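# make a model of this:
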Amino acid sequence: MRVLFAAPEDAWGGIYARFCQALPEMEFVAASDFRTLSLANFDAIIPTMTPVDAALLQSADRLKLIQQVGAGLEGVDIAAARARGISVANVPSASSGNADSVAELAIYLMLGLARNAADIPRQLHLRQLGRPIGQGLMGKTVGLVGLGGIGKALARRLAAFGMRIIGIKRTVDEAFAARYQLDWLGTLAELPTLLGQADFVVLSLPDTAQTHHLINAQSLSYCKPGSFLINVGRGGLVEKHALEQALISGQLAGAGLDVFWQEPPDPADSLFQQNVIATPHIGGVTDISAAGNIQAVCDNLRRLQQGEPLWYLA
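A predicted model of the protein is given here:
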């Protein structure tokens with residue numbers, strides 16, 4: 001069985017080599033970048049960040065499975081795949097340890113912004129003790145926009161910081177709010193209410209037609225002045241120019257970004273001259289989440305080879 005790993009061999013911490021080691025009976029082929037021109041002669045594809053649209057699927061002559069390594073399937077035309085009899089599966093973040101890893105990174109970004117991490121090296125170089133002055137998380141309000149696996153993992157952890165937690169979910173569920181210690185829970189239509197109250201806003205949504213550029217000039221105008229925005233969802237959730245202007249004006253005090261308007265972003269982009277802490281899309285790149293994702297993908301590839309029912313079908 002031939003499997004296309006639609007990314008360079010060294011992407012995502014070198015998991016390509018781990019797939020080859022775990023399934024030596026299969027032939028894995030790595031792409032040179034995050035573009036694929038043909039699916040001919042492949043039984044399965046692991047797309048990572050490579051789009052799999054209807055045009056690309058026309059090149060598939062024996063493809064049976066599109067298996068994402070992680071949860072994100074925004075780049076896959078699921079309807080076109082189904083029309084061709086191709087299964088689509090992912091690895092839910094809550095089942096792999098991915099959600100826990102991304103939640104930890106989001107808290108890292110929150111703490112870095114709160115403690116003015118960008119200025120710490122300068123103060124150390126100047127031999128200044130007791131600077132920079134930071135903020136504590138205790139007593140602050142955090143708004144979780146998205147309460148799937150990552151949002152729930154964040155809620156569990158942030159409660160221990162003594163923060164007031166509010167959130168946005170598709171539907172309001174009082175039992176859910178109580179279980180995750182949410183002081184307020186609203187729908188996406190009530191986003192302005194959350195933005196007006198939150199000291200920290202954390203995005204952990206997929207990029208869909210409904211959520212694309214959810215954070216734009218209008219929504220940023222609702223933000224509590226001096227608040228912080230953290231995006232560990234998808235880059236398309238945030239309109240870049242509007243974010244930059246909000247940082248320049250001081251409407252936002254800073255931003256923490258693990259995902260970007262284009263990936264990889266240009267390190268010379270003017271946005272990075274503002275108070276931004278950026279990480280190179282590593283929220284789910286940890287030993288824990290990598291092991292969970294690899295195990296789940298390998299299990300499904302074995303099931304495909306053996307003709308058994310697949311897990312986590314879209």
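
# hey, let's count contacts and neighbours off CA atoms from now on
Fine.

# check the offset of stretch 43-55 from the chain's centre.
18 Å (CA atoms, centre = their mean, to the nearest Å).

# give me the nearest residue to the residue sitting nearest the centre point of the chain, chain neighbours excluded.
The chain has Gly233 as the residue nearest its centroid, 3.5 Å off, counting by CA atoms, centre = their mean. Spatial nearest neighbour of Gly233, chain neighbours left out: Ser204 (3.9 Å); criterion: CA to CA, 6 or more residues apart in numbering.

# need the contact list for that neighbour.
For Ser204, the contacting residues are Leu144, Val145, Gly146, Leu147, Gly148, Ile150, Gly151, Asn231, Val232, Gly233, Arg234, by CA atoms under 8 Å, 6 or more residues apart in numbering.

# next helix or strand past the helix or strand encompassing the first one?
Taking DSSP states H and E as the definition, Leu144 sits inside strand 141-145. Per DSSP H and E, strand 141-145 leads on to helix 149-158 as the next helix or strand towards the C-terminus.

# which other helices and strands does that next one contact?
With contacts defined as 3 or more CA pairs under 8 Å, 6 or more residues apart in numbering; DSSP states H and E, helix 149-158 has these neighbours: helix 93-96, helix 98-114, strand 141-145.

# please repeat the previous calculation with a cut-off of 10 Å.
helix 93-96, helix 98-114, strand 141-145, strand 164-168, helix 174-179, strand 200-203 (3 or more CA pairs under 10 Å, 6 or more residues apart in numbering; DSSP states H and E).

# looks like Gln305 contacts Asp43 (just checking).
Yes. Counting by CA atoms under 10 Å, Gln305 does reach Asp43; the two are 9.2 Å apart.

# where do the contact lists of the two overlap?
Taking CA atoms under 10 Å, 6 or more residues apart in numbering as the contact rule, Gln305 and Asp43 both touch Met1, Lys64.

# packing partners of the worst-scoring helix or strand of the chain on mean pLDDT?
Within the chain, no helix or strand scores below helix 93-96, which has a mean of 79 by mean pLDDT, DSSP states H and E. Helices and strands touching helix 93-96, by 3+ CA pairs under 10 Å, 6+ apart, are helix 98-114, helix 149-158, helix 287-306.
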